[in-house]
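Chemist: could you look at this predicted model? Sequence included:
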Amino acid sequence: MGKKELDTKIITAGRSKKWTQHLVNPPVSRASTIVFDTVEEMKQATANRANKELFYGRRGTNTHFAFQDAMVELEGGVGCALYPCGTAAISNAILSFVKAGDHILMVDGVYEPTRDFCDKMLDKMGVETTYYDPMIGEGIRDLIRPNTTVLFLESPCSITMEVQDVPSLARIAHEYDLVVMLDNTWASPVNFQPFDHGVDISIQAATKYIVGHSDVMLGTATANERCWDQLRENSYLMGQCTSPDDVYLAMRGLRTLGVRLKQHEQNSLKIAKWLAAREEVDHVRHPALESCEGHEFYKRDFKGCNGLFSLVLNRGNTEALTALLDGMEHFSMGYSWGGFESLILANENINSIRSAKKKDFAGPMLRLHIGLEDSEDLIRDLEKGFERFNAVLNNSL
């Protein structure tokens with residue numbers, strides 16, 4: 001077969017007739033028990049159980065196999081493990097490669113539940129975590145110990161949006177035989193190719209842009225040849241499996257991922273630039289803008305952006321932020337992102353979830369997810385929010 005461009009891959013990936021049975025979409029195959037007619041047939045299935053052969057429901061059905069094939073084709077690697085949510089993908093990927101007495105390096109800007117997992121679960125199991133500045137670069141060498149086993153990256157980082165120098169960090173980590181893991185949710189399989197940049201395991205909260213409709217929880221971890229067998233078998237031993245109905249919806253979402261991300265990108269860049277010119281805004285932390293730390297790595301390594309970014313205000317207090325948030329028409333408050341809808345959250349104390357390097361921001365932060373609504377409607381909504389915000393601040397003077 002000839003080379004396929006990305007937009008074509010998004011449509012064709014995972015659609016082998018072995019999985020689709022000549023339908024456009026792979027059918028939903030629900031199963032716990034797989035039955036066999038002969039002893040020999042059962043022996044063969046058992047021997048091939050790790051190779052996308054029907055064996056037992058927890059290993060997956062054709063619905064799962066089709067989606068796993070699609071993720072590997074789009075993101076790279078040799079195999080994809082599925083989990084009931086993104087956090088499960090992160091925790092099980094780490095657990096698959098650590099033991100008591102080990103040490104891991106975790107980026108300081110990581111997704112807060114990942115930090116909680118390290119502090120509350122790994123610590124209890126005798127695995128030590130060191131948090132490092134996302135922009136550490138060559139300095140990562142100084143943190144590697146003889147018992148360090150994993151370097152965990154998230155690029156861009158959660159909330160503060162620093163873009164990491166993934167190739168350089170991965171190169172150094174491999175000098176010490178570390179496993180390099182990346183939470184690649186922000187970029188999705190479309191905008192960053194992890195295995196071209198030295199990553200061993202790429203993790204997605206497929207809940208976000210892959211599903212794209214805020215109605216399914218799902219996680220994936222795609223691994224290279226070095227790590228796939230260990231990731232697959234350890235995740236299976238920890239009981240990880242997913243609903244074929246959820247996987248079907250993720251596969252459906254995948255087909256429109258490219259066009260949705262292009263619209264998210266167009267809307268978010270327009271709004272980010274509008275926000276950067278507002279007097280209330282100190283700076284915008286959007287990877288595609290120069291005001292974001294690591295923007296040079298974004299320009300070098302990424303194919304595009306999406307709808308998620310943050311901004312730092314010049315000033316603000318709880319009352320003013322509440323006035324801004326409570327009256328929004330098109331922006332809702334919610335802890336996820338990646339759906340078609342726009343979201344907004346405030347963070348008045350980012351340093352409560354940072355330890356390696358504290359942030360000296362002028363004021364509180366807002367995190368926005370720009371959805372697929374008309375950008376002019378969203379700008380008007382934000383403009384009215386700033387009017388409420390300023391009214392409270394001015395009345396408090």
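Modeler: Nice, I can see it.

Chemist: now do the helices in this structure.
Modeler: Applying DSSP state H to the chain gives helices spanning 6-12, 17-20, 39-47, 62-75, 86-95, 112-117, 166-175, 188-191, 225-237, 244-254, 257-276, 295-301, 318-326, 375-395.

Chemist: what's the local residue count around residue 287?
Modeler: 25 (other CB atoms under 10 Å). Backbone N, C-alpha and C define where each C-beta goes, glycine included.

Chemist: likewise for residue 166?
Modeler: The tally of other residues near residue 166 (other CB under 10 Å) stands at 23.

Chemist: please name the nearest non-neighbouring residue to it.
Modeler: residue 197 (4.7 Å; CB to CB, 6 or more residues apart in numbering).

Chemist: which residues sit in contact with that neighbour?
Modeler: Shown in contact with residue 197 (CB atoms under 8 Å, 6 or more residues apart in numbering): 166, 167, 170, 301.

Chemist: what's the ChimeraX line that selects buried ones from those residues?
Modeler: To isolate the buried ones among these in ChimeraX, judged by 16 or more other CB atoms under 10 Å, type:
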select :166,170,301
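
Chemist: tell me the one of the contacts of residue 197 nearest residue 360?
Modeler: Nearest to residue 360 out of the contacts of residue 197 is residue 166 (CB to CB; 25.6 Å).

Chemist: that closest one reaches residue 155, doesn't it?
Modeler: Yes - between residue 166 and residue 155 a contact is recorded at 5.7 Å, counting by CB atoms under 8 Å.

Chemist: low-confidence ranges, this protein, go.
Modeler: Scanning the chain with the threshold set as pLDDT under 70 gives 1-2, 397.

Chemist: got the domain ranges for it?
Modeler: As given by the TED database, the domain ranges for the chain are 13-253, 256-396.

Chemist: off-centre distance for the shortest one?
Modeler: Average the C-alpha atoms of domain 256-396, do the same for its chain, and the two points are 18 Å apart (CA atoms, centre = their mean, to the nearest Å).

Chemist: so which of the domains of the chain is the most packed in?
Modeler: For those, the largest average neighbour count (mean count of other CB atoms under 10 Å) is found in domain 13-253, namely a mean of 19.

Chemist: end-to-end on it?
Modeler: End-to-end distance of domain 13-253: 13 Å, with CA to CA, to the nearest Å as the criterion.

Chemist: then stretch 46-63?
Modeler: 19 Å.

Chemist: can you list contacts of it?
Modeler: In contact with stretch 46-63 (CB under 8 Å, 6+ apart) are residues 18-19, 21, 26-34, 44-45, 65, 68-69, 82, 229, 232-233, 236, 239, 241, 244, 247-248, 251.

Chemist: which residues in the stretch 51-200 of the chain form strands?
Modeler: 79-83, 103-107, 128-132, 148-154, 179-183 (DSSP state E, counting those that start in this stretch).

Chemist: how close does the residue nearest to residue 166 sit to residue 369?
Modeler: From residue 197 across to residue 369, the span is 25 Å (CB to CB, to the nearest Å).

Chemist: turn the domains of the chain into a markdown table, columns for distance to residue 4.
Modeler: As requested, these are exported to a markdown table (distance: least, CB to CB, whole Å):
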| stretch | distance to residue 4 |
| --- | --- |
| domain 13-253 | 9 |
| domain 256-396 | 13 |
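
Chemist: so which of those comes closest to residue 5?
Modeler: Taking CB to CB, domain 256-396 is the member of the domains of the chain nearest to residue 5, at 10.1 Å.

Chemist: wait, residue 6 sits on residue 258?
Modeler: Yes - counting by CB under 8 Å, residue 258 is a contact partner of residue 6 at 6.8 Å.

Chemist: hey, what's in contact with both of those two?
Modeler: With CB under 8 Å, 6+ apart, residue 6 and residue 258 have common neighbours residue 190.

Chemist: just give me the residue right at the centre of the chain.
Modeler: Per CA atoms, centre = their mean, the C-alpha nearest to the average position across the chain is that of residue 185, at 1.8 Å.
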